[in-house]
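J.: Structural data only, the sequence is not supplied:
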């Protein structure tokens, strides 16, 4: 029996596919072979210092959610910086307050069992394995098997990229390479500090607020947090809250039922539902309305929502990451942002420095973008000797996004195998009108098209600077107009009509 158990579990833990699903199946097999019930794996949240149920094949989703949200105990079990096996006698309360099967509560001889899953000596547990032993007499046999089983779990989790904390707790990142995370390039001390924060919070489920100017790479930071989490294969769903009109936001985030409104020809899952078990990234959350902020707050607090046109409440387990370039403290003072939502999303704050504050990274970024373009196009375009000093002399109000576009444009305009920039030290890159249309299709976002900025400026002038009227003329919401005004630094002048 024992060899069969080891064989089946070993095959599961070493197979490809989703690691958490494989672990879930392994727990189910363990329950078939051993006299145990309600087996579950608990992960410690490094930010809140609490445990949450990550896997529990026998415990219902509603019980898991209830325990995770309301009944997680601080349970500081890391005595002397390491957690030793804890066997609780039947008469003692369960220190973690885990759900107990009703049929077990009538028995006299059952044991509550908690076992640390440790990868190596001098490391903290990667998780806790917990269950109820239905017959105390069989506890020594169960203990021997679980010791082997936990070693297999630890090796499988570490092999799949789960981070292991040493007892010292030091996880300093050595700035050996320029690429800190995927597509995050730099040596700047602020960026290295962000990398350290990401390493420390990735295993947590705490909400994170990423702040910084437009184009600094806030979404890349969010992806790095997700990709360094315990389950990087889980969904990563993003939404730019400023890019959608108010009447579509609720449908996009929460979904809708067939016939919920005109044009709803089929049921649609929202972004929160699609992100269940993973991460949702809400970009530019500062541009949402107060009414919509209330609905987001409910999901953060209760983990539940209803699709449009439905009365059925859905529950989700989603980690929420937010980003904004808005001064939220000022928005709260102005009555444009809910204070309770601010504290909910600001558990961990990350400020991404603008490119002008890390100019030493500009040559690294330019080389990175140029290498990618050369590989994609099969070319060997090079930088000239004067390019880097000239590029470092600019302030780059559009940050990394603007620099990337400037390199892309210069690549298209290359002369004699070298990048060709038309750029001054104090102004943005200027390109001949003859190539503007040729490069517009290569821009990553349609909002960056030069003609859109001109159209907004023209509409503002025609409407005498009145933003509400301008938004109506452009066919967008006031929120979307304000987003574009701030993003592109458009100057708004209120002009009194001549005949007034």
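T.: Perfect, I can see it now. Everything numeric in this text was worked out from a predicted model, so none of it was measured. Numbers count the residues shown, from 1 in each chain.

J.: What lies in contact with the longest helix anywhere in the chain?
T.: Longest helix in the chain, counting residues (DSSP state H): helix 139-159. Helix 139-159 has contacts (Cβ atoms under 8 Å, 6 or more residues apart in numbering) with 2, 5-6, 9-10, 13-14, 19, 22-23, 26, 30, 33-36, 41, 87, 111, 113, 115-119, 126-127, 129, 133, 164. Any C-beta I mention is one placed from the backbone N, CA and C, and that applies to glycine too.

J.: Do me a favour and average the pLDDT over it.
T.: Mean per-residue pLDDT for helix 139-159: 85.

J.: now stretch 196-214: how far from the chain's centre is it?
T.: Centroid separation between stretch 196-214 and its chain, computed with Cα atoms, centre = their mean, to the nearest Å, is 8 Å.

J.: related to what we said a few turns ago, of the contacts of helix 139-159, which belong to helices?
T.: When the contacts of helix 139-159 are checked against helices (DSSP H), the matches are 2, 5-6, 9-10, 13-14, 19, 22-23, 26, 30, 33.

J.: Switch those residues over to JSON lines; also include distance to residue 302, neighbour count and pLDDT.
T.: Shown next, in JSON lines, are the ones in helices among the contacts of helix 139-159 (distance: Cβ to Cβ, whole Å; neighbours: other Cβ atoms under 10 Å; pLDDT from 0 to 100):
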{"residue": "2", "distance to residue 302": "44", "neighbour count": "11", "pLDDT": "71"}
{"residue": "5", "distance to residue 302": "40", "neighbour count": "18", "pLDDT": "79"}
{"residue": "6", "distance to residue 302": "42", "neighbour count": "15", "pLDDT": "81"}
{"residue": "9", "distance to residue 302": "36", "neighbour count": "23", "pLDDT": "83"}
{"residue": "10", "distance to residue 302": "40", "neighbour count": "14", "pLDDT": "84"}
{"residue": "13", "distance to residue 302": "34", "neighbour count": "20", "pLDDT": "82"}
{"residue": "14", "distance to residue 302": "38", "neighbour count": "12", "pLDDT": "80"}
{"residue": "19", "distance to residue 302": "28", "neighbour count": "21", "pLDDT": "79"}
{"residue": "22", "distance to residue 302": "30", "neighbour count": "19", "pLDDT": "84"}
{"residue": "23", "distance to residue 302": "27", "neighbour count": "22", "pLDDT": "87"}
{"residue": "26", "distance to residue 302": "31", "neighbour count": "25", "pLDDT": "87"}
{"residue": "30", "distance to residue 302": "32", "neighbour count": "21", "pLDDT": "86"}
{"residue": "33", "distance to residue 302": "38", "neighbour count": "16", "pLDDT": "85"}
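
J.: returning to that earlier point: which positions in the longest helix of the chain come out as buried?
T.: Neighbour counts over helix 139-159 (16 or more other Cβ atoms under 10 Å) mark 142, 145-146, 149-150, 152-157 as buried.

J.: show me what contacts the closest residue to residue 101 other than its chain neighbours?
T.: Spatial nearest neighbour of residue 101, excluding adjacent residues (Cβ to Cβ, 6 or more residues apart in numbering): residue 37 at 5.1 Å. Neighbouring residues of residue 37 by Cβ under 8 Å, 6+ apart: 31, 58, 101, 104, 131-132, 134.

J.: Quickly name whichever of the residues you listed is closest to residue 325.
T.: residue 58 (45.8 Å; Cβ to Cβ).

J.: In this structure the closest one contacts residue 31, no?
T.: Yes: between residue 58 and residue 31 there is a contact under Cβ atoms under 8 Å: 6.9 Å.

J.: overlap in contacts of these two?
T.: With Cβ under 8 Å, 6+ apart, residue 58 and residue 31 have common neighbours 37, 39.

J.: Would you check how far apart the closest residue to residue 381 other than its chain neighbours and residue 406 are?
T.: Spatial nearest neighbour of residue 381, chain neighbours left out: residue 414 (5.1 Å); criterion: Cβ to Cβ, 6+ apart. Going from residue 414 to residue 406 by Cβ to Cβ, to the nearest Å gives 13 Å.

J.: between the two, who's got more neighbours?
T.: Comparing residue 414 with residue 406 by other Cβ atoms under 10 Å, the one with more neighbours is residue 406, at 23 against 14.

J.: For the more buried one, what is the enclosing helix or strand?
T.: Following DSSP states H and E, the helix or strand that holds residue 406 is helix 399-412.

J.: mind showing which ranges of the stretch 351-500 of the chain have poor pLDDT?
T.: Low-confidence segments of the stretch 351-500 of the chain (pLDDT under 70): 423-451, 493-500.

J.: from what I can see residue 236 touches residue 220, true?
T.: No: look at residue 236 against residue 220 with Cβ under 8 Å: they stay out of range, at 11.8 Å.

J.: Mind checking which of these two has more residues around it?
T.: residue 236 (20 against 17).

J.: quick one, domains of this protein?
T.: Here the domain assignment for the chain is 2-159, 179-351, 355-448, 450-487, based on automatic domain parsing.

J.: for these, which one ends up most surrounded?
T.: For these, the largest average neighbour count (mean count of other Cβ atoms under 10 Å) is found in domain 179-351, namely a mean of 18.
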